[in-house]
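# Sharing a model that was predicted from the sequence below.
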Protein chains: 10
Amino acid sequence: MTDMPDAKLLECFPNPEPRHAYTIEHVSDEFTSVCPKTGHPDFGSVVVRFSPASKCVELKSLKLYFQSFRNEGIFYEAVTNRIRDDLAKAMKPRWLVIETHWKGRGGIRSTITATHGRVPEGMSDV
Amino acid sequence: MTDMPDAKLLECFPNPEPRHAYTIEHVSDEFTSVCPKTGHPDFGSVVVRFSPASKCVELKSLKLYFQSFRNEGIFYEAVTNRIRDDLAKAMKPRWLVIETHWKGRGGIRSTITATHGRVPEGMSDV
Amino acid sequence: MTDMPDAKLLECFPNPEPRHAYTIEHVSDEFTSVCPKTGHPDFGSVVVRFSPASKCVELKSLKLYFQSFRNEGIFYEAVTNRIRDDLAKAMKPRWLVIETHWKGRGGIRSTITATHGRVPEGMSDV
Amino acid sequence: MTDMPDAKLLECFPNPEPRHAYTIEHVSDEFTSVCPKTGHPDFGSVVVRFSPASKCVELKSLKLYFQSFRNEGIFYEAVTNRIRDDLAKAMKPRWLVIETHWKGRGGIRSTITATHGRVPEGMSDV
Amino acid sequence: MTDMPDAKLLECFPNPEPRHAYTIEHVSDEFTSVCPKTGHPDFGSVVVRFSPASKCVELKSLKLYFQSFRNEGIFYEAVTNRIRDDLAKAMKPRWLVIETHWKGRGGIRSTITATHGRVPEGMSDV
Amino acid sequence: MTDMPDAKLLECFPNPEPRHAYTIEHVSDEFTSVCPKTGHPDFGSVVVRFSPASKCVELKSLKLYFQSFRNEGIFYEAVTNRIRDDLAKAMKPRWLVIETHWKGRGGIRSTITATHGRVPEGMSDV
Amino acid sequence: MTDMPDAKLLECFPNPEPRHAYTIEHVSDEFTSVCPKTGHPDFGSVVVRFSPASKCVELKSLKLYFQSFRNEGIFYEAVTNRIRDDLAKAMKPRWLVIETHWKGRGGIRSTITATHGRVPEGMSDV
Amino acid sequence: MTDMPDAKLLECFPNPEPRHAYTIEHVSDEFTSVCPKTGHPDFGSVVVRFSPASKCVELKSLKLYFQSFRNEGIFYEAVTNRIRDDLAKAMKPRWLVIETHWKGRGGIRSTITATHGRVPEGMSDV
Amino acid sequence: MTDMPDAKLLECFPNPEPRHAYTIEHVSDEFTSVCPKTGHPDFGSVVVRFSPASKCVELKSLKLYFQSFRNEGIFYEAVTNRIRDDLAKAMKPRWLVIETHWKGRGGIRSTITATHGRVPEGMSDV
Amino acid sequence: MTDMPDAKLLECFPNPEPRHAYTIEHVSDEFTSVCPKTGHPDFGSVVVRFSPASKCVELKSLKLYFQSFRNEGIFYEAVTNRIRDDLAKAMKPRWLVIETHWKGRGGIRSTITATHGRVPEGMSDV
């Protein structure tokens, strides 16, 4: 298992239908990282929603990329924006939405949403 | 059972009501193909929603067509766009929406949506 | 029991309130016909939604009309449009929506929607 | 128990707030009448939704009025419009919606909706 | 316990944030009064939704005010408008909505809604 | 445990993505304070929804800040506006919504909503 | 489609594990026959639960056997016992339970249960 | 992917706690094989419940073993008993229960249960 | 964060009521370890149910103990029995049940149950 | 508000039906105390289920008694047994069950159950 978040784990394959816009949503319910302040693990789910341009992220590489956060001390907000940045750079999609939903810690539940490009209405709550 | 996806399996019958637009939705919960990267089977459901022009796809032929993906190594994205292309070519419908919903693999669930023609509002999330 | 779909089974009575528009919805969960390709029975439910003009369909006659499809070999699409045509002709309603929802056959569930006249917003998904 | 639907059973009391528009909804889940064709009892629920002008219908009198349909042979459509007419005449409300929902008879469930006056958006599905 | 509805029971305290508009909703599920026609008790819930101006109603005084209806013979419609009037007079809010929801009596459930001032969209069903 | 509400408990860290607007929502289901009138404890939940500018509130400090209300005698309305003021001052966000939902006291449930800045549509019910 | 219930439609195959007792349950939700008194169709579901001895009923033949009741005028009770008799004779199972569950007709739902042989505790409600 | 059911795919590892009885349950919702009569694919789920003696089945090998049925023409009953036999032989467990639950085919859903050894009460419905 | 499962992390405090038997249940929904075969992370929940004798496990220490499995390559079965052994040794309870529920991996969900001492009826499925 | 748990707050009144056994259950969803290890507040609910002998606990006094734990540093287990002891001593009931359900802390939810006297089957999970 890799030791830190690593965008190089992300592999893409050519979009099989680059001519027409369509929509892809991947949801991982098994995301975990570490709180940089307390050292305790955080657990959450990550939603990746996008319209591909010339490339699509390969699913197994996405899983390995998510796993690379496992022992990283990183805030929720930074996780969300980092995933947005890494996937935007790797795929150069038409648009991209990242939502992270975090289980309660100290009795507080959190949701963070970040976007890239011009997201169509109804594709994000922001 | 056929050995690879085969659009020739699709049979159509004349639309019994070609004069007026109406809407048809077929949902298969028993779609399976093979991941081209890992060789493991993928399981999902496929939604076909369209308004017929002069032809409708016959249901048993649609089942056999779906079954022809059973041992094909093919990405989710390509499955979705291929079904869209094959049905659009076979039926030449007024409009067409294909949604594929995939069970979790490596803890990640996915949904892919592709369309053909001018889809009326409310008929697709895209 | 009659042997084939028979629009003459439909009886109407004078709309008790022909001056103002209002809405009627009848739902039958016990519709059955026969697949013309395989000879196997199909099972579904039928929604009839309309605004009457001078006539309303009588409920027992509607039941007998639905029962007359019992042994008819007929596609889903033709069932839906035929019911739409027969009821539109018998009642001449202000508008009419027919939805048919079919239980799975070969693992595929289907919904067909046909309309007549100018259906108000919110009265049909089409 | 009265022997036939009797609008004279409806009693009204002065609207305690005639200056401002407001909304009242009464729902009865215990309505029964008789099918004029088969002689079998019908069971349903009735929704009365309105904005009062100078008068409000008194609730016990509404119950007795509903009970007066018990042995009447009358179609769903006529029940709905008759209640609409009787209440419109008795109360002269700003607007009025009557919905009747009927349990299955011969495997068919039905809903009838009739209105009076200019019903605000969201107050009726018609 | 007081013997009749008494608006003087309502106490207010200075709005801690009079500069900006915000929204307050109080819901009581334990309201009871007496039917003026039958003498039977009525049970319901009361929703008080408003935006305060210079004053907020104090919660314990609201409870005592609601309790003062306990032995009063009063119609649903009069309860609703009286609460609206008393709270509008006591608080002089930016806007105010009162909803009363009454449990079934004689098999009939009822809802009454009254408003004061210019209620923003989405704050009332009227 | 601190003895009174203390905004100095709130700690912020630099927004990891200050260039683009995104949305953060924290929900605490374990908020408690004391009614200033009766001395009885109040229990509720607090929703903090905002778009950060240069700073984000740190989660453990938010928890400690919420805990500092534990023995404070304070009205619902003042709690809501105080949290809004303290977080607006500490973070200077693009916009901010505070919702407090209070469990029944004397049979009455309450919800208070306060905002800061220009809240995008769909981000608040006010 | 055959014209009347026909036990000869039932085909069996050798039990692949005749040495040890095990349990099989087949449930059909698409059973229909005709009421011998009114001529109207009946709709229901059939549960077949048994432990095979030397033979198992083949599933497609069971479907065709069920379809052969489609136009037969026959009481619920006779359907249930006839299926029990035909399957007991065809398979000679260790034990057998037939349950039929009928949708409402005239507002009455029905369940009929018949058994063959010594049914283990918990395998039947009788 | 292997071409036929292959018990040699099953790998075991030493039970880490051979001294005390405990219970293991594995559930696969993605089982598919082929109907030997119609050639159409069957879809179902498999429950493996057992108490290990000296060996436990390794999970990835169990998945590959299940996948080896993918293109095998085999009856439900034979699938169930074959899995029971293969796992009983590979692990020699204290006891073992195999349940297979099959999605509807021709409108009929099926459940097959087979056991090995002395199954404690409550561990199987047989 | 510790690097491997460490029973010394478990701290106990004296049972405040050693004279009478009573029952304690702790459920963690945030357990994660690593598959020793594939190197991929496993996610699950752990139920600890017991009756204390002279000692109770302290909750924060239990959390840290669970966290110490985070990067350990270990089978489900070994996790379950190790937790059972470590807690039995640390607390010497009257009886103890450990249940582990694992999210799907390769389409297979698993539950493992291990016990210590004489577990009362209804306290475990074993 | 009292400063520490105080059994003297509990008041009883004579059981109005001492001759026959019957069952009483009180559930408080607003219990809070303080963790003696971390100093953070704990939130939970308390179930009091018993059959009274000569005395019943008065409800307002029970509320004040529960509130007296608000600032007490005390383990879950001690809370549960202390409430059991205090109520058993105050009421001398035929039997008594105390269940405490605690919201997650560090991702772990807990339930503690303590009893007094001979609890009938089905009245407690112990």
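Now that the structure is in, tell me what you want to look at. All of these numbers come straight from a predicted model, not from anything done at the bench.

# give me every residue that touches the closest residue to A:P36 other than its chain neighbours.
Sequence neighbours aside, A:G73 is the residue nearest to A:P36 in space, at 3.7 Å (criterion: C-beta to C-beta, 6 or more residues apart in numbering or on different chains). Any C-beta I mention is one placed from the backbone N, CA and C, and that applies to glycine too. A:G73 sits next to A:33-36, A:39 when contact means C-beta atoms under 8 Å, 6 or more residues apart in numbering or on different chains.

# who does A:G73 bridge with?
A:V34 (DSSP bridges).

# How confident was the prediction at the nearest residue to A:S33 once chain neighbours are set aside?
Using C-beta to C-beta, 6+ apart and skipping residues adjacent in sequence, the residue nearest A:S33 is A:F69, 4.3 Å away. According to the prediction, A:F69 has pLDDT 97.

# swap in the one 10 residues further on?
A:V79 is assigned a pLDDT of 96 by the prediction.

# Determine the three-state secondary structure at it.
At A:V79 the chain is in helix, as set by DSSP: H, G, I helix; E, B strand; the rest coil.

# repeat for the one 3 residues further on
The assignment at A:R82 comes out as helix when based on three-state DSSP.

# contacting residues for it?
Here A:R82 is in contact with A:5, A:74, F:16 (criterion: C-beta under 8 Å, 6+ apart).

# Now do the same contact list for the residue nearest to A:S33.
Contacts of A:F69 by C-beta under 8 Å, 6+ apart are A:5, A:31-33, A:79.

# among those residues, which two are most distant?
Greatest spatial distance in the contacts of A:F69: A:P5 and A:T32, 12.3 Å, computed using C-beta to C-beta.

# Which strands border the lowest-mean-pLDDT helix or strand in chain A, and is each parallel or antiparallel?
Ranked by mean pLDDT, DSSP states H and E, the weakest helix or strand in chain A is strand A:95-105, scoring a mean of 91. If you go by DSSP bridges, strand A:95-105 pairs up with strand A:41-51 (antiparallel), strand A:108-117 (antiparallel).

# how many neighbours does A:E77 have?
Here the number of neighbours of A:E77 (other C-beta atoms under 10 Å in any protein chain shown) works out to 22.

# That one reaches F:I24, doesn't it?
Yes: judged on C-beta atoms under 8 Å, A:E77 makes contact with F:I24 at a distance of 6.6 Å.

# what touches both of those two?
Common neighbours of A:E77 and F:I24 (C-beta under 8 Å, 6+ apart) are A:112, F:52, F:56.

# From those residues, list the buried ones, please.
Buried members of the shared contacts of A:E77 and F:I24, scored by 16 or more other C-beta atoms under 10 Å in any protein chain shown, are A:112, F:52, F:56.

# how about the last one, secondary structure?
Spelled out, it's F:C56. strand.

# Listing request: residues of chain A with sub-threshold pLDDT.
A:1-3, A:125-126 (pLDDT under 70).

# again, 80 this time
A:1-3, A:104-106, A:122, A:124-126 (pLDDT under 80).

# List the contacts of the residue nearest to the spatial centre of chain A.
Nearest residue to the geometric centre of chain A (C-alpha atoms, centre = their mean): A:I83, 4.2 Å. Listed by C-beta under 8 Å, 6+ apart, the contact set of A:I83 reads A:46, A:48, A:98, A:100.

# Run through the residues that contact the residue of chain A most remote from its centre.
Here the centre of chain A is the reference, and by C-alpha atoms, centre = their mean the most remote residue is A:R19, at 24.8 Å. Not one residue lies near A:R19 by C-beta under 8 Å, 6+ apart.

# Need the three-state assignment for it.
The three-state assignment at A:R19 reads coil, by three-state DSSP.

# Skipping adjacent residues, who's closest to A:V47 in space?
Nearest one to A:V47, counting by C-beta to C-beta, 6+ apart, is A:E99 at 4.1 Å.

# whoops, A:R70 was the one
Nearest residue to A:R70, sequence neighbours excluded (C-beta to C-beta, 6+ apart): A:T32, at 5.8 Å.

# ok and the residue in chain A nearest chain C?
A:G122 (16.7 Å; C-beta to the nearest C-beta).

# tell me which element that residue is part of?
For A:G122, there is no host helix or strand (DSSP states H and E).

# Number of residues surrounding A:G39?
Other residues close to A:G39 by other C-beta under 10 Å number 10.

# With the one 5 residues further on instead?
Using other C-beta under 10 Å, the number of residues around A:G44 comes to 23.

# Surely it and A:G104 touch.
No: with contact defined as C-beta under 8 Å, A:G44 and A:G104 do not form a contacting pair (10.5 Å).

# Where does chain A get nearest to chain D, which residue?
Counting by C-beta to the nearest C-beta, chain A gets nearest to chain D through A:G122 (21.5 Å).

# still on that earlier bit, the residue of chain A closest to chain C and A:R49, how far apart?
11 Å (C-beta to C-beta, to the nearest Å).

# and if you look at A:V27?
Taking C-beta to C-beta, one finds A:V27 at 9 Å from A:R49.

# And those two? Which one has more around it.
Remark: of A:V27 and A:R49, A:R49 carries more neighbours, 20 against 17, as counted by other C-beta under 10 Å.

# got a list of what the more buried one touches?
By C-beta under 8 Å, 6+ apart, A:R49 lies in contact with A:23-26, A:96-97, A:99, A:123-124.

# switch to 10 Å and redo it
A:23-27, A:93, A:95-99, A:115, A:119, A:123-124, B:111 (C-beta atoms under 10 Å, 6 or more residues apart in numbering or on different chains).

# likewise A:K89?
Per C-beta under 10 Å, 6+ apart, neighbours of A:K89: A:7, A:10, A:116.

# since we're on the second one, how many residues are nearby?
A:L10 sits with 19 neighbouring residues when counted by other C-beta under 10 Å.

# The closest residue to A:Y22 other than its chain neighbours pairs with what?
Nearest residue to A:Y22, sequence neighbours excluded (C-beta to C-beta, 6+ apart): B:A114, at 4.0 Å. B:A114 has the following beta-bridge partners by DSSP bridges: B:I98.

# correct me, but B:A114 touches B:V47?
No: assessed by C-beta atoms under 10 Å, B:A114 is found out of contact with B:V47, at 11.1 Å.

# Can you work out which residues contact both of the two?
B:97-100, B:124.

# how much space between the residue nearest to the centre of chain A and chain B?
13 Å (C-beta to the nearest C-beta, to the nearest Å).

# Now do the helix or strand where A:D85 lies against strand A:95-105, angle only.
For A:D85, the enclosing helix or strand under DSSP H and E is helix A:76-91. Counting by axes from the mean of the first three to the mean of the last three C-alpha atoms, to 10 degrees, helix A:76-91 lies at 150 degrees to strand A:95-105.

# May I have helix A:76-91 as PDB, with CA atoms only?
Taking only C-alpha atoms (Å, rounded to 0.1, in the frame of the first residue of the first chain), the coordinates of helix A:76-91 have been written out as PDB:
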ATOM      1  CA  TYR A  76     -11.600  17.200   5.100                       C
ATOM      2  CA  GLU A  77     -11.400  20.400   3.100                       C
ATOM      3  CA  ALA A  78      -8.000  19.600   1.700                       C
ATOM      4  CA  VAL A  79      -9.000  16.000   0.900                       C
ATOM      5  CA  THR A  80     -11.900  17.300  -1.200                       C
ATOM      6  CA  ASN A  81     -10.000  19.900  -3.100                       C
ATOM      7  CA  ARG A  82      -7.000  17.700  -3.600                       C
ATOM      8  CA  ILE A  83      -9.200  14.900  -5.200                       C
ATOM      9  CA  ARG A  84     -10.800  17.600  -7.400                       C
ATOM     10  CA  ASP A  85      -7.500  18.900  -8.500                       C
ATOM     11  CA  ASP A  86      -5.900  15.600  -9.100                       C
ATOM     12  CA  LEU A  87      -8.800  14.200 -11.100                       C
ATOM     13  CA  ALA A  88      -9.200  17.500 -13.100                       C
ATOM     14  CA  LYS A  89      -5.600  17.400 -14.000                       C
ATOM     15  CA  ALA A  90      -5.600  13.700 -14.900                       C
ATOM     16  CA  MET A  91      -8.800  13.600 -17.000                       C
END
